[in-house]
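In: this one's sequence-less:
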């Protein structure tokens, strides 16, 4: 096949960067220059007012970040528990109505979350689940579990039945097989599904606002009022934190995984 | 093996750690009975936490509450203050939901509220009270006549005063020469400068106040409305208002097809030069924005000669507040001389005090007079010249509903 | 008999961690929404007929304007995302190994929350924004007012831009997952047989990407139709998006109007379900048709 000219590739990379990376770069500038306005192409004055705000409010920001982080992690955990055994069943067994059920099970991720969350709100209030982290985790898990489900089904299918049968033949009981053979092999799928669920939960504003009622701190809740305000540099800096944090987390996760694989001699 | 074990342990500990931080700390138990002396209420509230739900769109106000107020509450009364940003309409709705679900213990201790939100809350039985008359600072420093009515609706002690506000317009002296000084002049100015003016979409608080201004001006003043809801009066005068608004519509920003969602959006448009006039229900707003760096320092404020509406804003306690004693202590502190002076400083907020100057000692009065509001803010004396009272709440609600039908959808 | 009964019981047990929340919370939630739209289980006792809320909603012309607007915005952004993603993903796949790492920047909007992407669009495209400054610097415009009215033109362009910026990387992810497994030799053979580059793309690559394209289109379309985050920052007053209308009715007006909010939500839910069914059926029919040829 005729290879494309390298210049075309470079041009394409420039396009990619200006579409996706340039906004992040501009945010850095906006963050450092609260007074940047038309028609300056480059800000006139830089100031650290935004960074000072960050430092004076580090407690509140830290609490919101930690809270978002924790409830997102809890959502991953809950969706994992919800989807493990059903995914195994879907991947390995054939039963009547499976296709219909699969389509049904995926609907919460497709229909607008408002449609079922607002209906549930009254019930959550009566059950004292509203305004609690548990309520927030429940509703987030409810609308993000399809991603975990899909990833786990794919993971089980890739894994196949071979290992399980082998281990069974060697005398291992069902629980032992699950814990020692299947779960480790499922880790890539869990991480793939878990990353999506984590991101979805971490970036969600409306559901946390509805079910948390202001009592559950969230980073999106902290950021939202600032985005519409005229204090753009603050909004820009907090958005950058939002960008940097998951990237750091994934690097961390990647490093932990690589370390553990290396220890086991898998790499 | 180790990684998996660690992960499992982490995941198991997580729920325990996770559900704990949101468990409420010590709460003062039981409602403060009507004849409990305030000292005892203060004792009851010691070591507890108070959740204060208030509008969160102003970073400087948030900063003042989080630093000064929180620090003083901790030092003086050993109370942990937690500020929660939430629009007034939204938390009234939340309380309505909770009342309908018979939730006896909610999460809100103190509210920042006034106007139609207060009326709706009081009428629906959402508020605890009367409590305002029991606060020592209110008894000592506040003129009862000034807090007897809120938007024409009797307060009856269900809310405690917090600050005073008056509607002003903002303009940039570097860009705009002399701003219009009456509503009629404003109309001519808008028509002469198409695309340079707009107002936040009602039911936003500021946009709604702007509409009320125009109503007063086109119907000859505020007096007829002060007697209470008169449907005939409304039917007679409202069309004059809609005509005025529809006449300027083609000359507005975006030709009046869309309006800024709320006052924060309008602030951004004004700050970035997309419109030439801003507006705010808070006189110190422009100075705050200048200090923050969002407005250029050539911005000044002005009020229309026809009359600029003023109001008092309050704090109130919900029926299901878990810590009513703490809320009362906080409400009392906010009316204290120290808090009102700190609030009056433009680098903190600049909001006008609700205290009756005649009841203050000479030194305290001098402290207030010594505050420099900054070049962009008109002084209380200047603003008092054009001050007119707020309209009774039923008119407000009718105006907000009908604006959509008669102006937006036309 | 008991053998199969046992197996079914075990199957149900295995499915229960998912089916229980699904039935109780999701189906229950939808059921409650429908009930509240009919006036049952509302916070305030409902005075009026069962379908009063629907009558009010359906007789309001601004409801249909909002619905049409939401549909249009969703269609434009989903179609735009999928089209852009196909082109971009194809070119990314063709990048030489050394440059492939740099292409990972496309994932940035995936990590940003929707509200942040809306903010980015605001900063760039508002009349006083970055692109306006650029146009001024290039001498294309003299003042702010000359910059085209992108965000508030009445066509929802701001929201479409934000949804597309967020949706394109998502679709790229799905498409690249398929492209990675693509057999390059098919392309090489076609090239050897004299097929031009566009023809290779449309006749060979595109049909194989169809599953990813359809999946991402459905997901992005339904998301843009009913989401709240981006319209909250970028929406226009009239016509507005349906989700904002529901938010206003639920939070800012008195509780007696709750059934109206629920009625709109029920209609949105019904539309979403119908759309999924109709789209899947059409796609299957089209694909079957192609195969038969």
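Out: Alright, I've got the coordinates. Treat the numbers as computed from the prediction; the structure is a model and nothing was measured.
In: count of residues packed around residue B:404?
Out: Using other Cβ atoms under 10 Å in any protein chain shown, residue B:404 has 16 other residues around it. The C-beta positions use only the backbone N, C-alpha and C, and glycine is treated the same way.
In: typo on my end, residue B:47
Out: Residue B:47 has 15 neighbouring residues, counting by other Cβ under 10 Å.
In: that one: which element?
Out: Using DSSP states H and E, residue B:47 maps to neither a helix nor a strand.
In: distance of it from chain A?
Out: 20 Å (Cβ to the nearest Cβ, to the nearest Å).
In: by mean pLDDT, flag the weakest helix or strand of chain A.
Out: helix A:49-56 (a mean of 80; mean pLDDT, DSSP states H and E).
In: that one and chain B, are they touching?
Out: Yes - Helix A:49-56 is in contact with chain B by Cβ under 8 Å from any Cβ of the partner chain, via A:49, A:53, A:56.
In: for that helix, the distance to its chain's centre please.
Out: 27 Å (Cα atoms, centre = their mean, to the nearest Å).
In: any residue of it touching chain C?
Out: No - Helix A:49-56 lies out of reach of chain C by Cβ under 8 Å from any Cβ, never closer than 14.1 Å.
In: quick check: residues of the stretch 1-150 of chain B near chain C?
Out: B:89, B:90, B:93, B:96, B:97, B:100, B:101, B:120.
In: look up phi and psi at residue C:95.
Out: Main-chain torsions, residue C:95, degrees, to the nearest 10: phi -70, psi 140.
In: OK, contacts around it?
Out: A:9, A:12, A:13, C:103 (Cβ atoms under 8 Å, 6 or more residues apart in numbering or on different chains).
In: report the buried residues of the helix or strand hosting residue B:43.
Out: Residue B:43 belongs to helix B:38-45 when assigned by DSSP H and E. Neighbour-count burial for helix B:38-45 flags B:38, B:41, B:42, B:44, B:45 (criterion: 16 or more other Cβ atoms under 10 Å in any protein chain shown).
In: do the same with stretch B:278-291
Out: Going by neighbour count (16+ other Cβ under 10 Å), the buried part of stretch B:278-291 is B:278-291.
In: contacts with chain A among those, please.
Out: Answer for the buried residues of stretch B:278-291 near chain A (Cβ under 8 Å from any Cβ): residue B:289.
In: could you pull out the strands for the stretch 1-150 of chain B?
Out: Using DSSP state E, counting those that start in this stretch, the strands of the stretch 1-150 of chain B run over B:49-54, B:80-85, B:110-113, B:127-128, B:149-150.
In: deepest in the core, which of those strands is it.
Out: Mean neighbour count (mean count of other Cβ atoms under 10 Å in any protein chain shown) peaks for strand B:110-113 among the strands of the stretch 1-150 of chain B, with a mean of 27.
In: just give me how far that one sits from the chain centre.
Out: Centroid separation between strand B:110-113 and its chain, computed with Cα atoms, centre = their mean, is 9 Å.
In: cool, stretch B:225-237 as well?
Out: 25 Å.
In: now do that stretch: everything it contacts.
Out: Residues outside stretch B:225-237 that contact it (Cβ under 8 Å, 6+ apart): B:152, B:215, B:218, B:219, B:224, B:389, B:391, B:392, B:394, B:395, B:398.
In: any idea of the mean pLDDT for it?
Out: In this model, stretch B:225-237 has a mean pLDDT of 88.
In: compute the first-to-last residue distance for it.
Out: Start-to-end span of stretch B:225-237 (Cα to Cα, to the nearest Å) is 11 Å.
In: work out which residue lies at the spatial centre of the chain.
Out: Let's take chain A. With distances taken as Cα atoms, centre = their mean, residue A:199 lies nearest the centre of chain A, 1.4 Å away.
In: think we crossed wires, I meant chain C
Out: residue C:220 (2.4 Å).
In: now do the same contact list for that residue.
Out: Counting by Cβ under 8 Å, 6+ apart, residue C:220 makes contact with C:74, C:77, C:78, C:81, C:82, C:163, C:167, C:170, C:171.
In: show the average pLDDT along the strand or helix carrying the fifth one.
Out: In this assignment (DSSP H and E), residue C:82 forms part of helix C:61-94. Here the mean pLDDT over helix C:61-94 is 91, rounded to a whole number.
In: low pLDDT regions in the stretch 151-267 of chain A?
Out: A:230, A:266-267 (pLDDT under 70).
In: strands of that one, residue ranges please.
Out: Read by DSSP E, counting those that start in this stretch, the stretch 151-267 of chain A holds no strands at all.
In: what's the nearest residue to the residue of it found nearest chain C if we skip its chain neighbours?
Out: Residue of the stretch 151-267 of chain A nearest chain C, by Cβ to the nearest Cβ: residue A:203 (3.2 Å). The shortest distance from residue A:203 to any non-neighbouring residue, by Cβ to Cβ, 6 or more residues apart in numbering or on different chains, is to residue C:113 (3.2 Å).
In: could you do residue B:66 as well?
Out: Spatial nearest neighbour of residue B:66, excluding adjacent residues (Cβ to Cβ, 6+ apart): residue B:83 at 6.0 Å.
In: what does residue C:115 give?
Out: Sequence neighbours aside, residue C:229 is the residue nearest to residue C:115 in space, at 5.0 Å (criterion: Cβ to Cβ, 6+ apart).
In: does any bit of stretch C:241-260 sit next to chain A?
Out: Yes - using Cβ under 8 Å from any Cβ, stretch C:241-260 reaches chain A at C:243, C:246, C:250.
In: what's the closest of those residues to residue A:237?
Out: Nearest to residue A:237 among these: residue C:243, at 28.3 Å, using Cβ to Cβ.
In: next up, the contacts around residue C:166.
Out: Applying Cβ under 8 Å, 6+ apart to residue C:166 gives the contacts C:109, C:110, C:112, C:114, C:117, C:230.
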